[in-house]
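Visitor: Sharing a model that was predicted from the sequence below.
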2 protein chains.
Amino acid sequence: MNSAPDKVTPQGRRPVRVGVVDESELVTTGVEGMLAQHSGRVAVVEPEVAEVVLCDPVGRSLDIEAYLADVARRTHGRVVVYTWRLDQGSVRRAVSAGAQGFVSKAVPADELVRVVELVHRGGTVEAPAPTLAARDSLSVREAEVLSLICRGRSNLEIAAELYVSVNSVKTYIRQIYHKIGVARRSQAVAWGIERGY
Amino acid sequence: MNSAPDKVTPQGRRPVRVGVVDESELVTTGVEGMLAQHSGRVAVVEPEVAEVVLCDPVGRSLDIEAYLADVARRTHGRVVVYTWRLDQGSVRRAVSAGAQGFVSKAVPADELVRVVELVHRGGTVEAPAPTLAARDSLSVREAEVLSLICRGRSNLEIAAELYVSVNSVKTYIRQIYHKIGVARRSQAVAWGIERGY
DNA sequence: GCACTTTTCACCCCTTCGGGCGACCTCTTC
DNA sequence: GAAGAGGTCGCCCGAAGGGGTGAAAAGTGC
């Protein structure tokens, strides 16, 4: 990767060293290209010596917690979850598992740099409130229930998790099916996963 | 994007002009960086003047067929599906909808260039035939049933589609659940989609 | 005030699903 | 021939899911 000596910024600050862990060539190359536009503020280095580490724990054979623990073992930087998935549950798990920040792979370069610098300074970044519900014309509650359905929960489990009656859950499910145009749970799961729930 | 004049290769061939459609800055930057390593063979240009167009129809608000029709309207190049998803069904739909090739976003740069050149020359690239059943220790029939479950079919629908009794379908489902370690359909759908069924 | 949305809940009823048990057949391998 | 794998099927039964109807409370906008 980039092994050029660090430039000192006008304020006498060294660029933040950023590492990308376990990513495809497409993503690694993309991050390098994006951060190159801000080479005075950030520099891409090997993950082992990075101050901020970007990784995507979603969709791996290890579960989120185990993967992040593994990353922490291999690196020393502050961990930022850099993922496509906008699923609130996965993000929450990742942050609970020690990640200091979240940033979507869909953001432009300057937002990525902003998050990196913030995390490097010791701040934490929560995921922006997802707009899945608004995007799909579901209420917040409906989106929440759909997310749980996509994770394989039964109605009773969902009711327990949300502290409501199973009758309420059934009501939400009826509403969800009607809004997204499906007839049964398996269709709802397929639909929901396709759309990031 | 890259608007430098085309270089003529030693064989007198102009690089293939490649366009990226509707992608995030991360992917666009990544592709540019990857293809820059092969600048004598390919060049990234605006999609409207590209000879080969990379696009990802998966997970958009438009369905695969409608999205690809839209891309065809906006561009003139041969269409290559460039996606993370290895789902055989989605790929088949995309190819049926007119895409001339498929390539995973996970591949390295030289494979991407190879596919681009092949499609440019008039060839077509199918996704590699997955051996899902063998990979997951399912029988052929079990994998078939799981695939139908992941597409939201009810047991009765699956029975009709495979010309067997619903009792047979239930038997397969019992076996599938036991083998993949799930307790209910929604978990099986999530599991199956995650693994390309 | 009225209409609409969202959240919550009860209840009725029916369908679908899923665990279990048993059975039979074909093919392959030892 | 025996054992195992895979395919097929029936049946029992309870659990889970899903359509429908109705109700109430809170908040918002006209």
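Guide: Arrived safely, thanks for sending.
Visitor: What lies in contact with the helix or strand where residue A:119 lies?
Guide: Under the criterion of DSSP states H and E, residue A:119 resides in helix A:109-120. Outside helix A:109-120, the residues within contact range by Cβ atoms under 8 Å, 6 or more residues apart in numbering or on different chains are A:16, A:18, A:31, A:34-35, A:37-38, A:41-42, A:51-52, A:54, A:78, A:80, A:82, A:100-101, A:103, A:107, A:125, B:25, B:29. (Glycine included, C-beta is placed from N, CA and C.)
Visitor: isn't residue A:132 right next to residue A:196, touching?
Guide: Yes: under the criterion of Cβ atoms under 8 Å, residue A:132 makes contact with residue A:196 at 6.1 Å.
Visitor: so what secondary structure elements neighbour the longest helix anywhere in chain A?
Guide: Ordering each helix of chain A by length in residues (DSSP state H) puts helix A:166-180 first. Counting contacts by 3 or more Cβ pairs under 8 Å, 6 or more residues apart in numbering or on different chains; DSSP states H and E, helix A:166-180 packs against helix A:140-150, helix A:155-162, helix A:185-194.
Visitor: about what we covered before: in strands, which of the contacts of helix A:109-120 appear?
Guide: Within the contacts of helix A:109-120, membership in strands is found for A:16, A:18, A:42, A:52, A:54, A:78, A:80, A:82, A:101, A:103, as judged by DSSP state E.
Visitor: Go through the residues of chain A and report the one nearest to chain B.
Guide: For chain A and chain B, the shortest gap (Cβ to the nearest Cβ) falls at residue A:30, measuring 2.8 Å.
Visitor: out of everything not next to it in sequence, what's closest to that residue?
Guide: Spatially, and ignoring its direct neighbours in sequence, residue A:30 is nearest to residue B:30 (2.8 Å; Cβ to Cβ, 6 or more residues apart in numbering or on different chains).
Visitor: again, but for residue A:23
Guide: Nearest residue to residue A:23, sequence neighbours excluded (Cβ to Cβ, 6+ apart): residue A:56, at 6.9 Å.
Visitor: same check, this time on residue A:156
Guide: Leaving aside its sequence neighbours, residue A:156 sits nearest to residue A:166 (Cβ to Cβ, 6+ apart; 5.6 Å).
Visitor: burial count for the one you found?
Guide: 14 (other Cβ atoms under 10 Å in any protein chain shown).
Visitor: Same question for residue A:140.
Guide: 12.
Visitor: There's contact between the residue nearest to residue A:30 and residue A:26 in this structure, I believe.
Guide: Yes: using Cβ under 8 Å, residue B:30 makes contact with residue A:26 at a distance of 4.2 Å.
Visitor: neighbour-wise, which of these two wins?
Guide: More neighbours surround residue B:30 than the other of residue B:30 and residue A:26, with 27 against 24 (other Cβ under 10 Å).
Visitor: Contacts only, for that one.
Guide: Counting by Cβ under 8 Å, 6+ apart, residue B:30 makes contact with A:25, A:26, A:27, A:28, A:29, A:30, A:31, A:33.
Visitor: bridging residues for the closest residue to the fourth one other than its chain neighbours?
Guide: To tie it back to what came earlier, the one meant is residue A:28. Leaving aside its sequence neighbours, residue A:28 sits nearest to residue A:20 (Cβ to Cβ, 6+ apart; 5.2 Å). Beta-bridge pairing of residue A:20 under DSSP bridges involves residue A:54.
Visitor: ok, for the most centrally placed residue in chain A, nearest residue in space, not its chain neighbours?
Guide: Geometric centre of chain A, nearest residue: residue A:83, 4.3 Å, by Cα atoms, centre = their mean. Closest residue to residue A:83 apart from its sequence neighbours, by Cβ to Cβ, 6+ apart: residue A:56 at 4.5 Å.
Visitor: ditto for residue A:80
Guide: residue A:101 (4.1 Å).
Visitor: Also residue A:21?
Guide: Excluding the flanking residues, the one nearest residue A:21 by Cβ to Cβ, 6+ apart is residue A:55, at 4.2 Å.
Visitor: Please apply the same query to residue A:177.
Guide: Nearest one to residue A:177, counting by Cβ to Cβ, 6+ apart, is residue A:188 at 6.4 Å.
Visitor: dump the residue contacts of that neighbour.
Guide: The contact partners of residue A:188, by Cβ under 8 Å, 6+ apart, come to A:146, A:149, A:150, A:173, A:176, A:177, A:180, A:182.
Visitor: Three-state assignment for residue A:152, please.
Guide: Going by DSSP: H, G, I helix; E, B strand; the rest coil, the secondary structure assigned to residue A:152 is coil.
Visitor: From DNA strand C, how far out is it?
Guide: 10 Å (Cβ to the nearest atom of the strand, to the nearest Å).
Visitor: Could you do residue A:147 as well?
Guide: As defined by Cβ to the nearest atom of the strand, residue A:147 lies at a distance of 13 Å from DNA strand C.
Visitor: Surely that residue touches residue A:197?
Guide: Yes: the pair residue A:147 / residue A:197 is scored as a contact, 4.5 Å apart, by Cβ under 8 Å.
Visitor: The two: which has the busier surroundings?
Guide: residue A:197 (27 against 22).
Visitor: just checking, that one touches residue A:144?
Guide: No: using Cβ under 8 Å, residue A:197 makes no contact with residue A:144, being 9.4 Å away.
Visitor: May I have the distance across stretch A:75-95, first residue to last?
Guide: 17 Å (Cα to Cα, to the nearest Å).
Visitor: tell me the mean pLDDT over that stretch?
Guide: For stretch A:75-95, the mean pLDDT works out to 76.
Visitor: Spell out which residues make up each domain of chain A.
Guide: A:16-120, A:132-194 (automatic domain parsing).
Visitor: Out of these, which gets nearest to residue B:136?
Guide: Between residue B:136 and those, the shortest gap by Cβ to Cβ is with domain A:16-120, which sits at 12.8 Å.
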